[in-house]
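Peer 1: Model the following, please.
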Amino acid sequence: MTQETNARRPNIYDVATAAGVSKSLVSLVLRGSPGVSPARRAAVEDAMERLNYRPSRAASALAGNTSKTIGVVLDDYRNLWFVGLLGGMHDELAPHGYRVAVADPSFNAHIDRTPVDGFMSLRVDGIVIATEPSESMLGGIDVPVVVAGNRDVIVPGADIVANDDLAGARLATEHLLELGHREIGHVTGGGGAARLRAQGFEVVMHERGLTAHIAQGQGLTTESDGYQAALKLLDENPSITAIFAANDTMAFGAAGAARDRGKRIPEDLSLIGYDNSPLASANLLRLTTIDDRSGHVGIEAARALLGRLKEPAAPPRTVLVGPELVVRASTAAPA
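Peer 2: Numbers count the residues shown, from 1 in each chain. Reported below is the predicted structural model:
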């Protein structure tokens, strides 16, 4: 036997030969089939141990029609909201033997049209879509789907698990109003969650008979978008004493805009974000924010997907996770 052969990883055929059984019987053992006699199961397991055989997930998927993998499509690795979401999903899925694979629209874009195409080639058991779904993305899905977060595009047959963004926006706006602010601005971006947060802000301001000042950057929810939108608000409405940002990342951009316009936080400008990301509790800003409980959204998304794997034809459900106000040092009564 050559050195090259010695270095080769053993495969399912090597196990079958060493155990004196067929490749099909090895597949049955790998799938945990109850139809294998104890003696033959022991022979296969002994052969795998002697050969130090580790079954590939791809081979197991082909043999057992399951990969024990859940695909998650997200839109921006830099968005810290996904940290909590993925952590919650892992905590719920790991005890059931599932692992999580993550991709964004640029993942293997040179090979696959969408992340869903890549996941389908990996034979995932289900998909959580945590971004705005596209029509091209939806065309290739043939496994159970759960949508995480409020989105503008409806995925037929999919469960929806999201933070209650309207309620969260109300908490944020009412907090500023209770402090005594009346000239309040909102920086926002595109997408379902941001749209609902802007809508909630408008509703509360109109209930109080106040003007809802709203600005966008380039239509996204990045730090740069928050900076540009806040500059526009402050330049066009010098009387603004508070800003509610669609997420914590935009809030940090708004803080930079306040600095560049000579405003101190919270003495001259109160600032509140959304998501309660790890950045929010940093001593740099100590940002008041809305905790969207993204970890719990991840847990509920995983539970919904596990349920849909058991009952694929069940009617789709919507689960809303209640938000919480977290008060820190970035908000105060107007001077």
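
Peer 1: Could you use CA atoms for every contact and neighbour count after this?
Peer 2: Will do.

Peer 1: E49 - how many residues pack around it?
Peer 2: E49 has 12 neighbouring residues, counting by other C-alpha atoms under 10 Å.

Peer 1: residue boundaries of the strands in the stretch 151-300 of the chain?
Peer 2: Using DSSP state E, counting those that start in this stretch, the strands of the stretch 151-300 of the chain run over 159-163, 184-188, 213-216, 242-245, 270-272, 289-291.

Peer 1: shaky segments in the stretch 51-200 of the chain?
Peer 2: For the stretch 51-200 of the chain, residues meeting the criterion pLDDT under 70 lie at 55-65, 107-112, 140.

Peer 1: end-to-end on stretch 86-101?
Peer 2: End-to-end distance for stretch 86-101, by C-alpha to C-alpha, to the nearest Å: 10 Å.

Peer 1: quick one: buried residues of it?
Peer 2: By neighbour count, and taking 16 or more other C-alpha atoms under 10 Å as the criterion, the buried residues in stretch 86-101 are 86-90, 92-93, 98-100.

Peer 1: what's in contact with stretch 324-333?
Peer 2: 168, 171-172, 176, 179-181, 265-267, 269-272, 276, 281, 285-293 (C-alpha atoms under 8 Å, 6 or more residues apart in numbering).

Peer 1: what's the answer for stretch 72-87, then?
Peer 2: Stretch 72-87 is contacted from outside by 100-105, 115-116, 127-132, 249, 275, 277-278, 293-299, using C-alpha under 8 Å, 6+ apart.

Peer 1: Filter those residues down to the buried ones.
Peer 2: 100, 102-105, 115-116, 127-132, 249, 275, 277, 293-299.

Peer 1: How is this protein divided into domains?
Peer 2: Each domain of the chain is listed here as a residue range: 3-64, 69-164+295-322, 165-292, per automatic domain parsing.

Peer 1: next one: the first one to chain centre, how far?
Peer 2: For domain 3-64, the separation from the chain centroid amounts to 37 Å (computed by C-alpha atoms, centre = their mean, to the nearest Å).

Peer 1: sorry, back to before: now, which of the contacts of stretch 72-87 lie within helices?
Peer 2: 115-116, 249, 294-299 (DSSP state H).

Peer 1: residue boundaries of the strands in the stretch 1-150 of the chain?
Peer 2: Going by DSSP E, counting those that start in this stretch, the stretch 1-150 of the chain shows strands at 69-74, 99-103, 126-130, 145-148.

Peer 1: Pipe the ones you listed into CSV and attach distance to W81 per row.
Peer 2: What follows is the strands of the stretch 1-150 of the chain, written out as CSV (distance: least, C-alpha to C-alpha, whole Å):
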stretch, distance to W81
strand 69-74, 10
strand 99-103, 14
strand 126-130, 10
strand 145-148, 11
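
Peer 1: Tell me how many other residues surround A148.
Peer 2: 27.

Peer 1: Residue numbering should commence at 193 henceforth.
Peer 2: Happy to do that; since the first residue is 193 now, the last one works out to A340.

Peer 1: so what's it up against?
Peer 2: Residues touching A340, when contacts are defined by C-alpha under 8 Å, 6+ apart, comprise 320-323, 352-354, 489-490, 493.
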